[in-house]
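Engineer: My questions concern the predicted model and sequence given below.
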Amino acid sequence: MHAIRQHEFGPPEVLRYEEVEDPLPGPGQVRIAVTAAGIHLLDTKIRAGQSGGPFPPPELPMIPGREVAGVVESTGPGVDESWLGRRVVAHLGEASGGYAELAVRDVSFLHAVPDGVSDEAAVAMIGTGRTALGILDVAQLTADDVAIVTAAAGGLGTLLVQAARHAGAVVVGVAGGPAKVEKVRQLGADVAVDYRAPEWTDEVRRALGDREPTVVFDGVGGDLGLGARQLLGFGGRVILYGSSSGSPAPLSAEDLFAQGLTVSAGVGARILKGPGGLRPYEERALAAAADGTLVPLVGQSFPLEKAAEAHRAVEDRNTMGKTVLVP
């Protein structure tokens, strides 16, 4: 089969399109003919040798990729053969192997792709969708909320904008560049602003009038996260789920007391160690895609051999929604 292999840590160019041996499914496993492999910002950090979040540094060489959808084309010992030929999606967890024409996963981690859901959408929901639902469980949005979503045109941001609208909240979507701002507006944000504008926080205040934001969803950190937090009214909530800017927004105990803030982690142990682990979130995410409650935005698909180009686009913030590789 063909796959993307990484022999060293570094820039996107370390991702090489190579021919390798087909993986063999072991006991309790299936082999999937991959039709879509998801790219996550975390993948780019792992590739560069930076922190892999909850995952230990991988051993090299490796085949990257942790989210795949496709068709079960063979089974290992002890697996019901009724899985053969079924469309499935799976998160590979700490394992790698997704950027390939074939991938292996334990059958207990498989989900059937619901009718009407594309493989690309399924890949988006198995990782990004489950994370969005975990974050939303923490936020407990109501129609009384005014919610700010940073990186609102990203894979997570587009889902959070939709969910906040469904809850009846007023939504402020913050994105970088006119095209992304327009997409956020199309998704239903009441206010959509470009954080590249030096006075974007003043624009938000003018648009909201006498209403103050009550909750900030921050996966960016840095100056953008700080600016969003400073828009909050007294007693506001901050839901943290990343720092794609490279550093978290500065936050001290003095800030918490001065603004009466509640700060919560939307990811990490809160969802990893919940009842049933991550699988209930995955099931709910796929169901939400199937019934149209949440519609993942698949922004761009790249051929498998263009994985380096796809990583570069994600790192340069030239993508919207979920970015996918297609073997």
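Structural biologist: Sure thing, it's come through. Numbering: from 1, shown residues only.
Engineer: And the residue lying closest to residue 203 once chain neighbours are set aside, how far from residue 42?
Structural biologist: Leaving aside its chain neighbours, residue 203 sits nearest to residue 193 (5.1 Å; criterion: C-beta to C-beta, 6 or more residues apart in numbering). C-betas here are computed from N, CA, C, even on glycine. As judged by C-beta to C-beta, to the nearest Å, residue 193 and residue 42 stand 27 Å apart.
Engineer: more crowded one of these two?
Structural biologist: Remark: of residue 193 and residue 42, residue 193 carries more neighbours, 23 against 18, as counted by other C-beta atoms under 10 Å.
Engineer: sec struct for that one, please.
Structural biologist: Classification of residue 193 using DSSP: H, G, I helix; E, B strand; the rest coil returns strand.
Engineer: coming back round to it: any figure for the gap between the residue nearest to residue 203 and residue 233?
Structural biologist: 18 Å.
Engineer: Let's test this: name the helix or strand in this structure with the lowest mean pLDDT.
Structural biologist: Least confident helix or strand of the chain, by mean pLDDT, DSSP states H and E, is helix 269-272 with a mean of 63.
Engineer: can you pull out the helices in this protein?
Structural biologist: Ranges of helices within the chain are 41-48, 119-124, 130-139, 155-166, 178-186, 200-208, 222-230, 253-259, 269-272, 279-291, 307-315, based on DSSP state H.
Engineer: Setting the sequence-adjacent residues aside, check what's closest to the residue most central in space within the chain.
Structural biologist: Nearest to the mean C-alpha position of the chain, by C-alpha atoms, centre = their mean, lies residue 128 at 3.1 Å. Distances taken as C-beta to C-beta, 6+ apart place residue 155 nearest to residue 128, at 4.2 Å, with adjacent residues excluded.
Engineer: can you check residue 218 too?
Structural biologist: Using C-beta to C-beta, 6+ apart and skipping the chain neighbours, the partner closest in space to residue 218 is residue 225 (4.4 Å).
Engineer: give the contact list for the one you found.
Structural biologist: 150, 216, 218, 243, 245, 248, 249 (C-beta atoms under 8 Å, 6 or more residues apart in numbering).
Engineer: For residue 305, see how far away it is.
Structural biologist: 36 Å.
Engineer: Then residue 185?
Structural biologist: Distance, residue 185 to residue 305, by C-beta to C-beta: 35 Å.
Engineer: what do you get for residue 184?
Structural biologist: For residue 184, the distance to residue 305 equals 32 Å [C-beta to C-beta].
Engineer: Who has more neighbours out of the two?
Structural biologist: A direct count of neighbours by other C-beta under 10 Å for residue 184 and residue 305 places residue 184 higher, at 28 against 15.
Engineer: which parts of the longest strand along the chain are buried?
Structural biologist: When the chain is parsed with DSSP state E, its longest strand is strand 29-39. Buried residues in strand 29-39, counted by 16 or more other C-beta atoms under 10 Å: 29, 30, 31, 32, 34, 35, 36, 37, 38, 39.
Engineer: Kindly report the same for stretch 305-320.
Structural biologist: Buried residues in stretch 305-320, defined by neighbour count with 16+ other C-beta under 10 Å: 306, 307, 308, 310, 311, 312, 313, 314, 315, 317, 319, 320.
Engineer: min pLDDT across those, which one?
Structural biologist: The pLDDT minimum for the buried residues of stretch 305-320 sits at residue 317, where the score is 87.
Engineer: Low-confidence regions, the protein specifically.
Structural biologist: Along the chain, the parts satisfying pLDDT under 70 run over 51-55, 95, 268-276.
Engineer: related to what we said a few turns ago, which member of the buried residues of stretch 305-320 is positioned nearest residue 169?
Structural biologist: Of all the buried residues of stretch 305-320, the one with the least separation from residue 169 (C-beta to C-beta) is residue 320, at 22.0 Å.
Engineer: quick revisit: now a ChimeraX select for only the buried ones of the contacts of residue 225.
Structural biologist: If you want just the buried ones from these in ChimeraX, going by 16+ other C-beta under 10 Å, the selection is:
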select :150,216,218,245,249
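Engineer: Which of the contacts of residue 225 fall within strands?
Structural biologist: Counted as lying in strands by DSSP E, out of the contacts of residue 225, are 216, 218.
Engineer: got JSON lines for the contacts of residue 225, with distance to residue 74 too?
Structural biologist: As requested, these are exported to JSON lines (distance: C-beta to C-beta, whole Å):
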{"residue": "150", "distance to residue 74": "43"}
{"residue": "216", "distance to residue 74": "47"}
{"residue": "218", "distance to residue 74": "43"}
{"residue": "243", "distance to residue 74": "41"}
{"residue": "245", "distance to residue 74": "43"}
{"residue": "248", "distance to residue 74": "44"}
{"residue": "249", "distance to residue 74": "48"}
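Engineer: so residue 100 sits right up against residue 34, yeah?
Structural biologist: Yes: assessed by C-beta atoms under 8 Å, residue 100 is found in contact with residue 34 at 6.2 Å.
Engineer: count of neighbours near the spatially closest residue to residue 104 that is not a sequence neighbour?
Structural biologist: The shortest distance from residue 104 to any non-neighbouring residue, by C-beta to C-beta, 6+ apart, is to residue 23 (4.6 Å). A count of neighbours around residue 23, defined by other C-beta under 10 Å, yields 17.
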